[in-house]
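Visitor: Below are the sequence and a predicted model; questions follow.
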Amino acid sequence: GQQVMQIPQYQHVQEGEDFTTYCNSSTTLSNIQWYKQRPGGHPVFLIQLVKSGEVKKQKRLTFQFGEAKKNSSLHITATQTTDVGTYFCAGPVWVTGGGNKLTFGTGTQLKVEL
Amino acid sequence: EPEVTQTPSHQVTQMGQEVILRCVPISNHLYFYWYRQILGQKVEFLVSFYNNEISEKSEIFDDQFSVERPDGSNFTLKIRSTKLEDSAMYFCASSTGFYYGYTFGSGTRLTVV
């Protein structure tokens, strides 16, 4: 079945430094979603990328979808303590009965130190 | 902003007991899901539900698991005879379609002792 890996598994940064997490799928994705999970919290949807090579920005966050639609990245510029959490990519797969299911990546846990 | 509500937030049960986890998805969403997350691990798909029936289930979702949407608003996950390895955070989620993100509930932490 589809496998989605992320690197690195953990990242500690000083506040103000940049951060990047990389997501790689074993299969071609129709689209990719990114979620953030704060410690002790639930996944919160950040964004979806659909087109090959697509780049989207949300303030300090930049999301990119690879040309082959098998990889994606999330880059945070000038991290803040509010960025702490685990970032997951997720690849939706159609299900025949209707809707889809998400295969989540392994996640990258970000810690930001003052 | 609309929320997905889950109860209880924490449930402790003895091995072999039945548990029911409850969820109220967002009212105009069409697709409903249960996921689980073992501590420190990734989020895993359990089951999807559409048009009042299961549309897909994972290999984790064996005969001990069942889902219901009894009254058009609540969405429940039942585990008939819990095992120690069922201990995890269970998340309910809903969405409006394939090209839309999921809204997750805050989860139920299930501890089987």
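Guide: Great, that's in hand.
Visitor: what's the neighbour count on A:Leu49?
Guide: Using other C-beta atoms under 10 Å in any protein chain shown, A:Leu49 has 21 other residues around it. Where C-beta positions appear, they are placed from N, C-alpha and C, glycine not excepted.
Visitor: roughly how far apart are it and B:Thr103?
Guide: A:Leu49 sits 19 Å away from B:Thr103, going by C-beta to C-beta, to the nearest Å.
Visitor: just A:Val84 next, same as before
Guide: For A:Val84, the distance to B:Thr103 (C-beta to C-beta) stands at 22 Å.
Visitor: Please identify which of the two sits among more neighbours.
Guide: Taking neighbours as other C-beta under 10 Å, A:Val84 and B:Thr103 compare with B:Thr103 leading, 21 against 16.
Visitor: roughly how far apart are the residue most central in space within chain B and chain A?
Guide: When C-alpha atoms, centre = their mean is applied to chain B, the residue found nearest the centroid is B:Trp34 (3.2 Å). Going from B:Trp34 to chain A by C-beta to the nearest C-beta, to the nearest Å gives 11 Å.
Visitor: quick one: furthest residue from the center of chain A?
Guide: For chain A, the residue at maximal distance from the C-alpha centroid (C-alpha atoms, centre = their mean) is A:Gly97, at 26.8 Å.
Visitor: Contacts only, for that one.
Guide: Going by C-beta atoms under 8 Å, 6 or more residues apart in numbering or on different chains, A:Gly97 touches B:Ser48, B:Tyr50, B:Asn51, B:Glu53, B:Ile54, B:Ser55, B:Glu56.
Visitor: Filter these down to just the buried residues.
Guide: Buried members of the contacts of A:Gly97, counted by 16 or more other C-beta atoms under 10 Å in any protein chain shown: B:Ser48, B:Tyr50, B:Ser55, B:Glu56.
Visitor: Now the two most distant members of those residues.
Guide: Spatial extent of the buried ones among the contacts of A:Gly97 (C-beta to C-beta) is set by the pair B:Tyr50 and B:Glu56 at 8.9 Å.
Visitor: Give me the common contacts of those two.
Guide: Shared contacts of B:Tyr50 and B:Glu56, defined by C-beta under 8 Å, 6+ apart, comprise A:Gly97, A:Gly99.
Visitor: ok, the single nearest residue of chain B relative to chain A - contacts?
Guide: With C-beta to the nearest C-beta, the shortest gap between chain B and chain A falls at B:Ser55, namely 2.7 Å. Residues counted as contacts of B:Ser55 (C-beta under 8 Å, 6+ apart) are A:Val95, A:Thr96, A:Gly97, A:Gly98, A:Gly99, B:Tyr31, B:Ser48, B:Phe49.
Visitor: Dump the residues you listed to JSON lines, plus secondary structure and distance to A:Phe88.
Guide: Output for these, formatted as JSON lines (DSSP: H, G, I helix; E, B strand; the rest coil; distance: C-beta to C-beta, whole Å):
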{"residue": "A:Val95", "secondary structure": "coil", "distance to A:Phe88": "20"}
{"residue": "A:Thr96", "secondary structure": "coil", "distance to A:Phe88": "25"}
{"residue": "A:Gly97", "secondary structure": "coil", "distance to A:Phe88": "24"}
{"residue": "A:Gly98", "secondary structure": "coil", "distance to A:Phe88": "24"}
{"residue": "A:Gly99", "secondary structure": "coil", "distance to A:Phe88": "19"}
{"residue": "B:Tyr31", "secondary structure": "strand", "distance to A:Phe88": "19"}
{"residue": "B:Ser48", "secondary structure": "strand", "distance to A:Phe88": "18"}
{"residue": "B:Phe49", "secondary structure": "strand", "distance to A:Phe88": "22"}
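Visitor: Nothing else from me, thank you.
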